[in-house]
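J.: Fold the stuff below for me.
(chains A and B)
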Protein chains: 2
Amino acid sequence: MNYCSTCGHPVEQRIPEGDNRHRFVCPNCDTIHYQNPNIVAGTVPVWEGKILLCRRAIEPRYGYWTLPAGFMENAETTVEAAARETREEALAEVDIHGLYSIIDVPHINQVHMFYRATLMDGTFGAGEESLESQLFLPEDIPWQELSFPTVRKTLELFLEDMHSEQYQVHISAIRPEDRYRSSIR
Amino acid sequence: MNYCSTCGHPVEQRIPEGDNRHRFVCPNCDTIHYQNPNIVAGTVPVWEGKILLCRRAIEPRYGYWTLPAGFMENAETTVEAAARETREEALAEVDIHGLYSIIDVPHINQVHMFYRATLMDGTFGAGEESLESQLFLPEDIPWQELSFPTVRKTLELFLEDMHSEQYQVHISAIRPEDRYRSSIR
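T.: Residues are numbered from 1 along each chain as shown, chains lettered A, B, ... in the order given. Next comes the predicted model:
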């Protein structure tokens, strides 16, 4: 951030009165420009024991497989965001059953939230941001070609819980120092 | 938003290519300025069967009682944010046990997340943003003087679960049309 988005004056970095962190502050109009984490919302869409994944048609991670997910927008709920992303990326309508995973990713200022979901009628496709979508049996998940650590972690947890059919809400964090690795299933 | 925070040029509102929503876009440097919801993180801090509330020393809702909570900052996790806000507003260190409530508030572009917590040693006080802090027995909660609907909803759910000692993760949304009202306990 270089300029005040309110008045166009160059901003400076300082700790505002009553605060304890450096913020971008406008010395002309006194606006404090806070910067906060973003929510990425998505689903684990299931159909007849298989999980729907999308192959990304955009960077980052072009060509890798992901659960349908994306940035939550203003004026929607996390459930609505998760369903919308599934519609946009996988052209699939889903019934959402419950929150499944919340994964903090503090080094990139994101919180990822995945909801358990079932395809409404088994139909799906490839939205603008996807090269293709495909249903995978648990043993066929392309672990070596997954897009993001939060997708990998959510899928690992989900496959464990599929055995017992006991789905809890899983809360965790992924940090760059985690050297997060998956076992091959 | 009037000016591009990157180059200072006046922004315009249009739908970028490949998008389906109006965004603030800079016609000079092509930066797209996305605006997304914020997370408010807090705790339900318990000590010997009582719940710790803070009376707000800042607007909005000056003088009303709240659970300690505030905007999550970049580079922290939701758990860290909840513990930090409890430290700042109630001068209390807490053990955090698990996520308790997630409440979407789409009309103000916020998601509120409260964690169950226990005071580490029973000490607390009033931070800069609080007039005072106080432990309340369930029957003494000041329902008529609570600050925000998400605090009220979280406390209502929590008191129900205190009976059974079965704490689930509660996911819900509060909308302006809800006419959300609490029974007096």
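J.: Give me the buried positions along the longest strand seen in chain A.
T.: The longest strand of chain A (DSSP state E) is strand A:94-105. Neighbour-count burial for strand A:94-105, counted by 16 or more other C-beta atoms under 10 Å in any protein chain shown, picks out A:94, A:96, A:99-105. Any C-beta I mention is one placed from the backbone N, CA and C, and that applies to glycine too.
J.: avg pLDDT for the helix or strand containing residue A:42?
T.: Using DSSP states H and E, the element containing residue A:42 is strand A:38-47. Summarised as a single mean, pLDDT over strand A:38-47 is 98.
J.: Each with direction, which strands does that strand pair with?
T.: Each strand paired with strand A:38-47, and its direction, by DSSP bridges: strand A:50-56 (antiparallel), strand A:69-71 (antiparallel), strand A:110-119 (parallel).
J.: pLDDT of the longest one, averaged?
T.: When pLDDT is averaged along strand A:110-119, the result is 98.
J.: For residue A:111, the count of nearby residues, please.
T.: 26 (other C-beta atoms under 10 Å in any protein chain shown).
J.: Please name the residues that touch it.
T.: Residue A:111 is in contact with A:37-40, A:102-105, B:39, B:72, B:78, counting by C-beta atoms under 8 Å, 6 or more residues apart in numbering or on different chains.
J.: Residue A:48 too?
T.: Counting by C-beta under 8 Å, 6+ apart, residue A:48 touches A:122, A:135.
J.: do that again at 10 Å, thanks
T.: Residues near residue A:48 by C-beta atoms under 10 Å, 6 or more residues apart in numbering or on different chains: A:118-119, A:122, A:135, A:137.
J.: With residue A:47 instead?
T.: Per C-beta under 10 Å, 6+ apart, neighbours of residue A:47: A:92, A:94, A:117-124, A:135.
J.: out of those, which is most surrounded?
T.: Ranked by neighbour count (other C-beta under 10 Å), those have residue A:117 at the top, with 27 neighbours.
J.: with the contacts of residue A:47 in mind, which one is nearest to chain B?
T.: residue A:117 (13.7 Å; C-beta to the nearest C-beta).
J.: Look up the closest residue to the most centrally placed residue in chain A, ignoring the ones flanking it.
T.: Taking C-alpha atoms, centre = their mean, the centroid of chain A lies closest to residue A:40, which sits 3.4 Å from it. The shortest distance from residue A:40 to any non-neighbouring residue, by C-beta to C-beta, 6 or more residues apart in numbering or on different chains, is to residue A:112 (4.6 Å).
J.: My read is that that neighbour contacts residue A:152, right?
T.: No. Using C-beta atoms under 10 Å, residue A:112 makes no contact with residue A:152, being 11.4 Å away.
J.: Which one of those two is surrounded by more residues?
T.: Taking other C-beta under 10 Å, residue A:112 and residue A:152 do not tie; residue A:112 has more neighbours (24 against 19).
J.: how much space between the more buried one and residue B:101?
T.: Between residue A:112 and residue B:101 the distance is 19 Å, computed by C-beta to C-beta, to the nearest Å.
J.: Surely residue A:42 and residue A:116 touch.
T.: No. Residue A:42 lies out of contact with residue A:116 (C-beta under 10 Å); the separation is 11.0 Å.
J.: anything in contact with each of those two?
T.: With C-beta under 10 Å, 6+ apart as the test, residue A:42 and residue A:116 both reach A:82, A:100-101.
J.: Share the number of residues neighbouring residue A:114, please.
T.: Residues lying near residue A:114 (other C-beta under 10 Å) number 27.
J.: where does it sit relative to residue A:96, distance-wise?
T.: Distance of residue A:114 to residue A:96, computed by C-beta to C-beta: 10 Å.
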